[in-house]
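Asker: Based on what follows, work out the 3D shape:
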Amino acid sequence: MDSPVGPLTIVGDSDGDGDVVTGLYFPNHWTRPDRTTFGERDDAAFPEAARQLAEYFAGRRTAFDVPMRAEGPGFDRAVWAGIAEIPYGATATYGELARAVGGLPHEVGAAVGRNPLSILVACHRVVGKGGKLTGYAGGVQRKAFLLELERPPESGLW
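Answerer: Reported below is the predicted structural model:
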């Protein structure tokens, strides 16, 4: 789908209960699934995810409720669950997230970078010490754009 941060690739599975999003990727994303595992391209697939993302970019949505499933080791899933607890318009540092999930900041940073559900599980809300914008699988410019999109007027956030 097209978006203000460039084209996004939504990946998922269809099961008996409907579509489940398993990945949301930017062009040149650090980690991407093997394209040979993809089915045929279908720009009409995952209409609910595309609708909710469009609402988010338009400033009309602060949370996502599409069915999602992130595959990864237990520690990564714990980090992604911690990210999901960071409210819209807020940030947390890698150190704060590490203390919350029980790990070291560099381990948390690596797990954040492996998050397959960018934007949907808002890893752009994880920042360096003092609010510094550090690495982002979609590029620091996209991270800055997403944080600015979520920043409340006159909030003084970063």
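
Asker: Hmm, Gly103 is touching Phe75, no?
Answerer: Yes. If you go by CB atoms under 8 Å, Gly103 and Phe75 touch, sitting 6.4 Å apart. For the C-beta atoms, the positions are set from N, CA and C on the backbone; glycine is no exception.

Asker: Common neighbours of these two, please.
Answerer: Counting by CB atoms under 8 Å, 6 or more residues apart in numbering, the common neighbours of Gly103 and Phe75 are Ala111.

Asker: between the two, which one's more packed in?
Answerer: Each of Gly103 and Phe75 has its neighbours counted (other CB atoms under 10 Å); Gly103 has more, 19 against 15.

Asker: quick one, what contacts the more buried one?
Answerer: Phe75, Ala78, Val79, Ala111.

Asker: give me that answer again for 6 Å
Answerer: If a contact means CB atoms under 6 Å, 6 or more residues apart in numbering, then Gly103 has no contacts.

Asker: just the helices in the protein please.
Answerer: With DSSP state H as the criterion, the chain has helices at 47-57, 74-84, 94-101, 105-113, 140-150.

Asker: Compare the ones you listed and give me the one nearest Tyr25.
Answerer: With CB to CB as the measure, helix 140-150 is the member of those nearest Tyr25 (11.6 Å).

Asker: Could you list the buried residues of the closest one?
Answerer: Arg142, Lys143, Phe145, Leu146, Leu147, Leu149, Glu150 (16 or more other CB atoms under 10 Å).

Asker: Test my guess that the second one contacts Arg125.
Answerer: No. When contacts are counted by CB atoms under 6 Å, Lys143 is not listed as touching Arg125 (9.1 Å).

Asker: Could you check the pLDDT of Asp65?
Answerer: Asp65 carries a pLDDT score of 95 in this model.

Asker: ok, the nearest residue to it once chain neighbours are set aside - how many residues close by?
Answerer: With CB to CB, 6 or more residues apart in numbering as the criterion, Asp65 has its nearest non-adjacent residue at 7.4 Å, and that residue is Gln52. Applying other CB under 10 Å, we find 20 residues neighbouring Gln52.

Asker: how far away is Gln52 from Lys132?
Answerer: As for Gln52, its distance to Lys132 is 30 Å (criterion: CB to CB, to the nearest Å).
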